[in-house]
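A.B. asks: Let me see the structure of the following:
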Amino acid sequence: MEIKTYLKILRKRGWIILLTAAIAAVAAFGFSRLQDPIYRARILVSVLPARADWGLSNSTKDLLRNFQTNLLTHRMAQKVIDRAQLDMSTYELLAEVEANPEPDRFVIEIVAKDHDPQTAIDIVQTMASIFVDEREAWNQEQDKRDRIDVSIVDDARDAPQWRPKPVTNAIAGFILGALIGALIVLVLEWLESDIIRTSEDVERVLGLSVLGAIPAAEDERALTGRRGERRLSSLPQT
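C.D. replies: Purely as a prediction, here's the structure:
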């Protein structure tokens, strides 16, 4: 189709796209506002070899996966609950916690998500502290050259809202609604593609030029009425 045809469709049915986009955006924003917010706290734990040795460095990177496994255990979860005095079970705590090893940076990221921002901070801070204490106790039994130093990079200070994000969801809803509206317009145009209404439609379908057209019934009655008026006005007045 030509650009002129697309513009014609937009002028005719563009309101459908705008309406569905607006409805979807408002619905997404309202639904997001109704949800309880979830806050996300994170902390980084540095895991470094005691000396700059290639073999020890690679061994440390391999151990990060093992450290991740040990962090996400019910044993560790219970220690965190006891030290931070949290009112939850180990299953609930583990459902809120992530441990992400990053071998390239020699760190482990500990993340907690909770409806209460302070609880999320307490979880990551306490878990990191317990992990550091355990590794320091392990280091005391090792040769200084073979130790793996573990420390908290920085304390967890805040827990920004992770979700929902009403504005982001509203924008996504607007885009999705616009796409749905465009699909509705395409379906309507497809359903009406075989209906011929104007001389342009005739020329497009048959590929022939239209030389004349039969007026519609209302137009014909109006034309007949005007002719009758002219005949009456032409009669001699008595």
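A.B. asks: Next, the buried residues of the biggest strand by length in the chain.
C.D. replies: Taking DSSP state E as the assignment, the strand of the chain that covers the most residues is strand 38-49. Neighbour counts over strand 38-49 (16 or more other CB atoms under 10 Å) mark Ile38, Tyr39, Arg40, Ala41, Arg42, Ile43, Leu44, Val45, Val47, Leu48, Pro49 as buried. For the C-beta atoms, the positions are set from N, CA and C on the backbone; glycine is no exception.
A.B. asks: In the sheet, which strands lie alongside that strand, parallel or antiparallel?
C.D. replies: Strand 38-49 pairs in its sheet with strand 107-114 (antiparallel), strand 148-152 (antiparallel), strand 161-163 (antiparallel), by DSSP bridges.
A.B. asks: Mind checking those strands for the one nearest to Trp54?
C.D. replies: Closest to Trp54 of those, according to CB to CB: strand 148-152, at 14.9 Å.
A.B. asks: Next up, the contacts around Pro101.
C.D. replies: Leu64, Arg65, Phe67, Gln68, Val107, Ile108, Glu109 (CB atoms under 8 Å, 6 or more residues apart in numbering).
A.B. asks: Please report the distance of the second one from Leu72.
C.D. replies: Distance, Arg65 to Leu72, by CB to CB, to the nearest Å: 11 Å.
A.B. asks: Pick out whichever of these two has more residues nearby.
C.D. replies: Leu72 (16 against 13; other CB atoms under 10 Å).
A.B. asks: Just list whatever residues bridge to the closest residue in space to Ser151 that isn't next to it in sequence.
C.D. replies: Nearest residue to Ser151 in three dimensions, chain neighbours excluded: Ser46, at 5.1 Å (CB to CB, 6 or more residues apart in numbering). Here Ser46 sits in beta bridges with Val107, Ser151, as judged by DSSP bridges.
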